[in-house]
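*Asks:* Have a look at this prediction, sequence included:
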Amino acid sequence: MDFSWTDEQLALRQEAVAFAESQLNEPVWERPGSDESLRSRWEKCAAFGVQGLSLPNQYGGMELDALTTALIMEGLGYGCSDNGLLFAINAQMWSVQMPILTFGTPEQKSEWLPRFARGESIGAHGMTEPGSGSDAFSLTTRAQRRQGGYLLNGAKTFVTNAPVADVALVFAKVDSGAGMAGITAFLVPTDVEGLTVGRPIEKMGLNTARMGELAFDDCFVPERHRLGPEGNGAAIFHSSMEWERACLLACQVGRMERQLETCISYARDREQFGQAIGKFQSVSNRIADMKVRLEASRLMVYRVAWMKTMNRSAALESAMVKLFLSEAFLRSSEDAIRIHGGYGYTTEGEVEQDARDAFGGILYSGTSDLQRVVISRLLGL
C-alpha cells in the first residue's frame with residue numbers, strides 16, 4: 001500500500017477544500033433547512049463534480065478510483081462545516097449510485113446515473129423498517145408478482161433523502177419463505193401511484209440531511225425497474241454497505257482535522273491562571289488523543305479505499321473502519337467541547353454541532369454494536 005499522493009491528487013483535494021469553504025458554508029444556527037436550500041447546494045456540489053467522482057465518464061462522472069475519491073471527500077469534510085449535507089450526498093453516492101453501477105442494466109444506468117452526476121435527481125436507500133433495524137433482513141415489505149411487474153406493500157423508515165428523493169432503492173421480499181434469498185431490490189420513482197412519502201423525521205443532528213418514511217400501498221413497479229435478478233437483494237445490500245462503510249466517513253476525517261486545528265488554536269490563545277490553557281496537561285493530553293484518533297482513522301479509511309481500488313473485498317476492514325472512525329469522531333467532538341469549555345457548549349461557537357452530528361455515526365449504516373458482531377463473525381466466532 002502506497003499512500004503517497006501525486007501533485008494532481010493533492011491539487012484535487014485542495015480544490016475541494018476551497019470549493020467547500022466558499023460555496024457550502026453558512027453559520028450553523030442560521031443555515032436554512034428547507035428543501036430548496038438543500039437542492040441549491042446539492043446542485044453546486046454536482047457542478048463541482050462531487051456526485052460523479054466515482055462514476056464512469058460515459059455517465060457524466062470523473063471516473064476516479066476509490067482512494068482518490070476518498071481523498072477528495074476528506075477535503076470536502078475539512079472545508080465544509082455542514083456534516084448533514086455531506087452525509088446526504090454520501091448516502092446517495094455509495095448506497096444508490098454504486099448499486100446501480102454494479103448491478104444495473106444498461107438502461108437503468110443510462111436513466112439514472114447521468115441525472116445523479118448532474119445533480120438533477122436525488123436518490124434514497126430504503127432498507128430499514130419500523131420493525132427491522134439492525135436485523136436488516138427481517139423485512140415485512142412484500143413484492144407480489146403481477147403481469148409485467150410487482151406490487152409493493154409495506155413501509156420504510158429512517159430513509160435518508162426520502163423527503164427530497166426522486167428515486168428510492170427499495171428492498172422487499174418476493175418469497176417470504178426463502179429468508180435472505182427471497183429479498184429483491186427495486187428502483188422506485190417517488191412520484192408513482194401507491195407510494196407515499198411521509199413527513200420529515202426531526203433529529204438531534206445532521207439536520208440538513210433530510211430523513212423520512214416511505215409507505216407502499218399496492219405500488220406497482222414494472223419489471224424493468226427491478227435491480228438485478230430476483231433474490232439478489234441481499235448481495236446488493238451487502239455490496240452497498242461495504243462501499244458505504246468504506247467511504248461514507250472519509251468526510252469525517254477532514255472534519256476531524258479541522259476540529260483538531262480549531263482546538264489547537266483555541267488552546268494557544270485562551271489564557272487562564274496566567275498561561276495558555278494548552279500548557280495544562282488536562283488540555284494538551286486531549287489534543288494529543290485527538291491527533292492519534294485522526295491519524296488512525298485516516299489510515300484505516302485509506303486502506304479500505306485502496307482495497308476497493310484494487311477490486312478486493314473489504315467486508316471486515318470496512319466494518320472496522322466504520323466502528324473505529326464513528327466512535328473516534330464522537331470522542332474527539334466531546335473533547336473539543338471540553339477544551340472550549342462554556343464556549344464549546346454554545347450553538348454560536350459551532351463546536352457542539354459536531355458532537356450532535358457525530359452521534360449519528362454510531363447508529364447509521366449499522367450501529368457500533370452491530371459492527372462488532374460483523375467483525376467477530378468474519379473472524380470465525
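*Replies:* Received, thanks. Numbers count the residues shown, from 1 in each chain.

*Asks:* going forward, measure contacts between C-alpha atoms and count neighbours the same way
*Replies:* Noted.

*Asks:* show me where the protein has strands.
*Replies:* Along the chain, counting by DSSP state E, strands occupy 123-126, 142-146, 149-160, 167-173, 183-189, 195-197, 211-222, 226-227, 271-272, 275-276.

*Asks:* CSV for those, including distance to residue 286 and mean pLDDT?
*Replies:* Below are the strands of the chain laid out as CSV (distance: least, CA to CA, whole Å; pLDDT from 0 to 100):
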stretch, distance to residue 286, mean pLDDT
strand 123-126, 37, 96
strand 142-146, 50, 95
strand 149-160, 33, 96
strand 167-173, 42, 97
strand 183-189, 45, 97
strand 195-197, 44, 97
strand 211-222, 34, 97
strand 226-227, 47, 97
strand 271-272, 17, 96
strand 275-276, 15, 97
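
*Asks:* where are the low-confidence patches of the stretch 251-381 of the chain?
*Replies:* Along the stretch 251-381 of the chain, no part satisfies pLDDT under 70.

*Asks:* just the strands of the chain: most buried one?
*Replies:* Most buried of those by mean neighbour count (mean count of other CA atoms under 10 Å) is strand 123-126; its value is a mean of 28.

*Asks:* Centre of the chain to that strand, how far?
*Replies:* 11 Å (CA atoms, centre = their mean, to the nearest Å).

*Asks:* can you check stretch 300-312 too?
*Replies:* The answer for stretch 300-312 is 17 Å, by CA atoms, centre = their mean.

*Asks:* quick one: contacts of that stretch?
*Replies:* 1, 3, 65-67, 70, 246-247, 249-250, 313-314, 317-318, 321 (CA atoms under 8 Å, 6 or more residues apart in numbering).

*Asks:* And these, which two are furthest apart?
*Replies:* 1 and 249 (20.0 Å; CA to CA).

*Asks:* These two: which has the busier surroundings?
*Replies:* residue 249 (27 against 7; other CA atoms under 10 Å).

*Asks:* Please report how far that one lies from residue 86.
*Replies:* 10 Å (CA to CA, to the nearest Å).

*Asks:* Then residue 264?
*Replies:* Distance from residue 264 to residue 86, by CA to CA: 25 Å.

*Asks:* Now for residue 316: which residues touch it?
*Replies:* Taking CA under 8 Å, 6+ apart as the test, what residue 316 contacts is 374-375, 378.

*Asks:* Residue 18 now?
*Replies:* Contacts of residue 18 by CA under 8 Å, 6+ apart are residue 79.

*Asks:* Buried residues, the biggest helix by length in the chain. List them.
*Replies:* What stands out as the longest helix in the chain, according to DSSP state H, is helix 281-309. Applying a neighbour-count criterion of 16 or more other CA atoms under 10 Å, one finds 283-284, 286-287, 290-291, 293-294, 296-298, 300-308 buried in helix 281-309.

*Asks:* Off-centre distance for that helix?
*Replies:* Remark: helix 281-309 is offset 19 Å from the chain centroid, using CA atoms, centre = their mean.

*Asks:* Next: stretch 362-381.
*Replies:* Relative to the centre of its chain, stretch 362-381 is centred 17 Å away, using CA atoms, centre = their mean.

*Asks:* Likewise for stretch 147-156?
*Replies:* Centroid displacement of stretch 147-156 relative to its chain, using CA atoms, centre = their mean, is 27 Å.

*Asks:* Same check on stretch 44-54?
*Replies:* Distance, centroid of stretch 44-54 to centroid of chain: 15 Å (CA atoms, centre = their mean).

*Asks:* Quote the end-to-end distance of that stretch.
*Replies:* 17 Å.

*Asks:* Now residue 54, what are its backbone angles?
*Replies:* When quoted as degrees, to the nearest 10, the phi and psi of residue 54 stand at phi -100, psi 10.

*Asks:* which residues touch it?
*Replies:* 61-66, 69.

*Asks:* And those, which is closest to residue 25?
*Replies:* residue 69 (21.0 Å).

*Asks:* Setting aside sequence neighbours, what's the nearest residue to the closest one?
*Replies:* Spatially, and ignoring its direct neighbours in sequence, residue 69 is nearest to residue 53 (6.2 Å; CA to CA, 6 or more residues apart in numbering).

*Asks:* residues near that neighbour, how many?
*Replies:* Count around residue 53 with other CA under 10 Å applied: 24.

*Asks:* for residue 267, same thing?
*Replies:* Count around residue 267 with other CA under 10 Å applied: 20.

*Asks:* what's the distance between it and residue 279?
*Replies:* 8 Å.

*Asks:* Likewise for residue 319?
*Replies:* The value you get for residue 319 to residue 279, if CA to CA is used, is 37 Å.

*Asks:* Please say which of those two ends up with more neighbours.
*Replies:* Per other CA under 10 Å, whichever of residue 319 and residue 279 has more neighbours is residue 319, with 26 against 14.
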